[in-house]
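Trainee: model this:
(2 chains)
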Amino acid sequence: MTKCAALLARLQHAVSGMPAVDLALRLTLLDLLLRPIGGVWIRPLLLGLSGAGLLLPGRHRSSLLWLCLTVLTGLRVVIDWPLADNHAYLLCYWCLAVFLSLIDRHGPEACLASNARWLIGLVFALAVLWKGVLAPDYLDQTFFRVTLLVDERFEGLTRLAGGVSGELLEQSRHTLTQHVDAPAALHSSGLVLSPRFRALASFATFWTLTTELIVGLLFLWPLGRRGSPYRDAALLVFCATTYAVAPVEGFGWLLIAMGSAQSEPSPRLRWLYISVFLLILVYREVPWASGLADVLSAGGSIAIG
Amino acid sequence: MPREWSDWLRLLPPLCLIGVALAQLGLALATSLSPWLGGGFGMFSTTDTLSARHLHVFVIRAGLEREVWPSDSHPDLDQRARALPSEANLRRLARELAREPSRDHGPALAVSVQVWRTRFASKTLLPSSELLRELEVPLSGD
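Mentor: Coordinates of the predicted model:
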């Protein structure tokens, strides 16, 4: 018990005294290890470099390491273009930002914090632009209605909060994924959605858009060079809620790493960033929504027309 | 405003992000690149995903049009054509498919590639397909 308390005290001391840059770099390397990317050649190289950066003392601050990571993550985007997901692009920009900050003559802190703010702000601004302006089927809730039914990764949430049974979910998937190469399908009248399921899709639509808008505005708002607790709070709430159900933990970990780079030098904030990073890991490993849905045995509430 | 080149260098990552995002936006509007792809951060904004797009490809010979399925023989080209149905991507796919051995007699004269996407009615979610792009690639002289 005493040993455990001593270990916790040492951990507390190490994290509290850790510069924001070190925390951000370590969390990024952990992201690369926990959610490896790339094909048969790039993946082992990225894993090896990330592991070495974490395990070898002081190597996480090696500019050569981050130059190699920038080249490898960039190669992955180029080789796979246009098939790589957006996480791959952001990871490459962030590795480049880390490299540039490590060779900056004024030290890495200000350069990395400024890049973190710009990158997070721009990513969220673009996400809002697509959802709120460019996409034809987001604001009318079609996107979430279809995704919650078709995307198997959301099955737990759809059953738990939407009240849709597994059997009806299967039937809905069958209806929605068929190819109907005609102006309109004549053989079916579509799905009759229950009020509970509509409410879930509506909440998901507007919660996502609102939180993304707030994070984007706060990170792009010119509040001066110092970090703002509002920015940290908004980003942490976004990550803690979104990645509880959205199956893209690599993106969440990257946002946490970037957010920690621009945060105030406060031990409490540092622990909050680490806690949400671990929370996303728990979300990935524990299918809590499916488990709860199984326990509660939600009934069906969609009819096939 | 940045004054020295080193100040601009520090801003290189966000400038790259803006440049790629503008290119992605242009390609999405001009050549129907899927909003989910290409680095424009349009993920989770539309049902127009890669899996909601499909191809119909016909190899045309004298007096015969036979449908072929590129997802089996050329999965990578199939994915790229669905993600970004540009003329270059559709031509590349058509040429590769024309080289495939066939039980039909005579040389392939052309390959017709159609890219379809699924749309959903907002109230009933009734799916219907919409032709996104079509290209007939003549093979004589290629």
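Trainee: Please count neighbours and contacts with C-alpha atoms only from this point.
Mentor: Fine.
Trainee: does the longest helix anywhere in chain A come close to chain B?
Mentor: What stands out as the longest helix in chain A, according to DSSP state H, is helix A:195-220. No: Helix A:195-220 is not in contact with chain B by C-alpha under 8 Å from any C-alpha of the partner chain; minimum separation 9.3 Å.
Trainee: for stretch A:163-176, same thing?
Mentor: Yes: against chain B, stretch A:163-176 shows contacts by C-alpha under 8 Å from any C-alpha at A:175-176.
Trainee: just the strands in chain B please.
Mentor: Counting by DSSP state E, one finds strands in chain B at the ranges B:53-61, B:64-68, B:110-120, B:127-138.
Trainee: Turn these into JSON lines, columns for distance to residue A:251, mean pLDDT and mean neighbour count.
Mentor: Below are these laid out as JSON lines (distance: least, C-alpha to C-alpha, whole Å; pLDDT from 0 to 100; neighbours: other C-alpha atoms under 10 Å in any protein chain shown):
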{"stretch": "strand B:53-61", "distance to residue A:251": "25", "mean pLDDT": "94", "mean neighbour count": "21"}
{"stretch": "strand B:64-68", "distance to residue A:251": "37", "mean pLDDT": "92", "mean neighbour count": "14"}
{"stretch": "strand B:110-120", "distance to residue A:251": "27", "mean pLDDT": "95", "mean neighbour count": "22"}
{"stretch": "strand B:127-138", "distance to residue A:251": "30", "mean pLDDT": "94", "mean neighbour count": "19"}
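Trainee: Now render those strands as TSV, adding distance to residue A:161.
Mentor: Listed next are the strands of chain B as TSV, based on distance: least, C-alpha to C-alpha, whole Å:
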stretch	distance to residue A:161
strand B:53-61	29
strand B:64-68	42
strand B:110-120	22
strand B:127-138	24
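Trainee: would you put the C-alpha positions of the host helix or strand of residue A:278 in PDB?
Mentor: Following DSSP states H and E, one finds residue A:278 within helix A:267-285. C-alpha atoms of helix A:267-285 as PDB (Å, rounded to 0.1, in the frame of the first residue of the first chain):
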ATOM      1  CA  PRO A 267      -1.100  20.300 -13.300                       C
ATOM      2  CA  ARG A 268      -4.900  20.000 -13.200                       C
ATOM      3  CA  LEU A 269      -5.300  20.600 -16.900                       C
ATOM      4  CA  ARG A 270      -2.400  18.200 -17.600                       C
ATOM      5  CA  TRP A 271      -4.200  15.500 -15.700                       C
ATOM      6  CA  LEU A 272      -7.500  16.300 -17.400                       C
ATOM      7  CA  TYR A 273      -5.800  15.800 -20.800                       C
ATOM      8  CA  ILE A 274      -4.300  12.500 -19.700                       C
ATOM      9  CA  SER A 275      -7.600  11.400 -18.200                       C
ATOM     10  CA  VAL A 276      -9.500  12.000 -21.400                       C
ATOM     11  CA  PHE A 277      -6.800  10.300 -23.400                       C
ATOM     12  CA  LEU A 278      -7.200   7.200 -21.200                       C
ATOM     13  CA  LEU A 279     -11.000   7.600 -21.300                       C
ATOM     14  CA  ILE A 280     -10.900   7.300 -25.100                       C
ATOM     15  CA  LEU A 281      -8.800   4.100 -24.700                       C
ATOM     16  CA  VAL A 282     -11.500   2.700 -22.300                       C
ATOM     17  CA  TYR A 283     -14.200   3.700 -24.900                       C
ATOM     18  CA  ARG A 284     -12.300   1.700 -27.500                       C
ATOM     19  CA  GLU A 285     -11.700  -1.400 -25.400                       C
END
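Trainee: now the helices for chain B?
Mentor: B:5-10, B:12-31, B:70-73, B:75-83, B:87-98.
Trainee: Adding distance to residue A:63, mean pLDDT and mean neighbour count, write those helices out as TSV.
Mentor: Converted to TSV, the helices of chain B look like this (distance: least, C-alpha to C-alpha, whole Å; pLDDT from 0 to 100; neighbours: other C-alpha under 10 Å):
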stretch	distance to residue A:63	mean pLDDT	mean neighbour count
helix B:5-10	14	84	14
helix B:12-31	16	97	17
helix B:70-73	42	87	14
helix B:75-83	35	96	21
helix B:87-98	38	94	18
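Trainee: of these, which approaches chain A most closely?
Mentor: Comparison of these against chain A by C-alpha to the nearest C-alpha identifies helix B:12-31 as nearest, at 5.0 Å.
Trainee: elements contacting that closest one?
Mentor: helix A:86-102, helix A:108-129 (3 or more C-alpha pairs under 8 Å, 6 or more residues apart in numbering or on different chains; DSSP states H and E).
Trainee: Give me the contact status of the longest one with chain B.
Mentor: The one in question is helix A:108-129. Yes: shown here: helix A:108-129 in contact with chain B (C-alpha under 8 Å from any C-alpha) through A:111, A:115, A:118-119, A:122-123, A:126-127.
Trainee: same check, this time on the first one
Mentor: Yes: if you take C-alpha under 8 Å from any C-alpha as the test, helix A:86-102 does meet chain B, through A:86, A:89-90, A:93-94, A:96-97, A:100-101.
Trainee: Most neighbours among the residues of helix A:108-129 next to chain B, which one?
Mentor: Neighbour tally across the residues of helix A:108-129 next to chain B (other C-alpha atoms under 10 Å in any protein chain shown): the maximum, 28 neighbours, falls on residue A:119.
Trainee: Give me the pLDDT for that residue.
Mentor: Reading off the confidence values, residue A:119 has pLDDT 98.
Trainee: How about the contacts made by it?
Mentor: A:90, A:94, B:13-14, B:17 (C-alpha atoms under 8 Å, 6 or more residues apart in numbering or on different chains).
Trainee: quick check, nearest of those residues to residue A:173?
Mentor: Nearest to residue A:173 among these is residue A:90, at 31.7 Å by C-alpha to C-alpha.
Trainee: just to revisit the earlier point, list the buried residues of the helix holding residue A:278.
Mentor: A:267, A:269-270, A:272-274, A:276-277, A:279-281, A:283-284 (16 or more other C-alpha atoms under 10 Å in any protein chain shown).
Trainee: and if you look at stretch B:36-51?
Mentor: Neighbour-count burial for stretch B:36-51 flags B:36-50 (criterion: 16+ other C-alpha under 10 Å).
Trainee: among the residues of helix A:108-129 next to chain B, which two are most distant?
Mentor: Every pair of these checked by C-alpha to C-alpha; the farthest is A:111 and A:127, at 24.2 Å.
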